[in-house]
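Peer 1: here is my input, please return the structure:
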Amino acid sequence: MLRLRSFFVALLLSACATAPPRQAGEPWSAPVLELCRGVSVSNPPATDAFRRVLAYTPYTAVRNIVVARAPVEGCVSSAFGPRNGGAGAFHDGLDLFTGSPRVVVAGGDGRIVSAGTRRGYGLTVEVDHGRGVSTLYAHLSDLAPGVRQGARIGGGAALGRTGRSGNATAVHLHYEVRVDGRPFDPLRIGD
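Peer 2: Model prediction:
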């Protein structure tokens, strides 16, 4: 049964990885982002009465490099910045809860600088977008075919699926946008 499940997961991911390239203007980031319901987010971004993140835009430009703010369909379970409890006092990224594994896409065009296990982060991919801008995707459950160090990737191409690898308590994506190696808030950078 496990072998059959692995086959279907590989088939699904390979279909995503070999899908036709996105057309200009085709979205590959969530158009609306909300706080997760039923959880207490200790460091939430500002939201409206419906828990939608205020002034959210799916993309931002950092040093003239376009990157997605949320490269998976999910809700915010932990935002960037100081937080109470959990994995430390300061959170270097944005946690997007998905409940079950969902496809994570590259936040922009670039080159994969690492794809493998990192302490605490679990299965992780880091993409260099040029000009000192990179993105990091952690706690993945698996990688899409062809995702390996040195490979070129287009924005919106499948990297893998959300998971619970590393220090994770639920299926989610930990997403970071870095400039010169320093993490910045994916929801505010470029504002």
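
Peer 1: for the residue lying closest to residue 30 once chain neighbours are set aside, helix, strand, or coil?
Peer 2: Spatial nearest neighbour of residue 30, excluding adjacent residues (CB to CB, 6 or more residues apart in numbering): residue 70 at 4.7 Å. For the C-beta atoms, the positions are set from N, CA and C on the backbone; glycine is no exception. Three-state assignment for residue 70 (DSSP: H, G, I helix; E, B strand; the rest coil): coil.

Peer 1: show me the contacts for residue 70.
Peer 2: Residues in contact with residue 70 (CB atoms under 8 Å, 6 or more residues apart in numbering) are 29, 30, 33, 58, 94, 96, 175, 186.

Peer 1: isn't residue 126 right up against residue 113?
Peer 2: Yes. Residue 126 sits in contact with residue 113 when judged by CB atoms under 8 Å, with a separation of 5.0 Å.

Peer 1: with neighbour numbers in mind, choose between those two.
Peer 2: Looking at residue 126 and residue 113 with other CB atoms under 10 Å, you find the greater number of neighbours at residue 126, namely 21 against 14.

Peer 1: in three-state terms, label that one for me.
Peer 2: Looking at residue 126 with three-state DSSP, the answer is strand.

Peer 1: distance of it relative to residue 189?
Peer 2: 17 Å (CB to CB, to the nearest Å).

Peer 1: before we move on, what about residue 35?
Peer 2: Residue 35 is 19 Å from residue 189, by CB to CB.

Peer 1: would you map the helices across the chain?
Peer 2: 2-17 (DSSP state H).

Peer 1: where does it have low pLDDT?
Peer 2: Scanning the chain for pLDDT under 70 picks out the ranges 1-28, 85-88, 191.

Peer 1: which neighbours does the longest strand along the chain have in its sheet, and in what orientation?
Peer 2: Using DSSP state E, we find that the single longest strand of the chain is strand 133-143. Pairing partners of strand 133-143, with direction, according to DSSP bridges: strand 122-130 (antiparallel), strand 158-162 (antiparallel), strand 172-179 (antiparallel).

Peer 1: what does the second one contact?
Peer 2: Residues external to strand 158-162 that are found in contact with it (CB under 8 Å, 6+ apart): 9, 13, 16-17, 72, 74, 96, 98, 101-106, 123, 125, 127, 137, 139-144, 147, 153, 171-173.

Peer 1: buried set for that strand?
Peer 2: 158, 159, 160, 161, 162 (16 or more other CB atoms under 10 Å).

Peer 1: can you check stretch 139-153 too?
Peer 2: Quick answer for stretch 139-153 (16+ other CB under 10 Å): 139, 140, 141, 142, 143, 144, 146, 147, 153.
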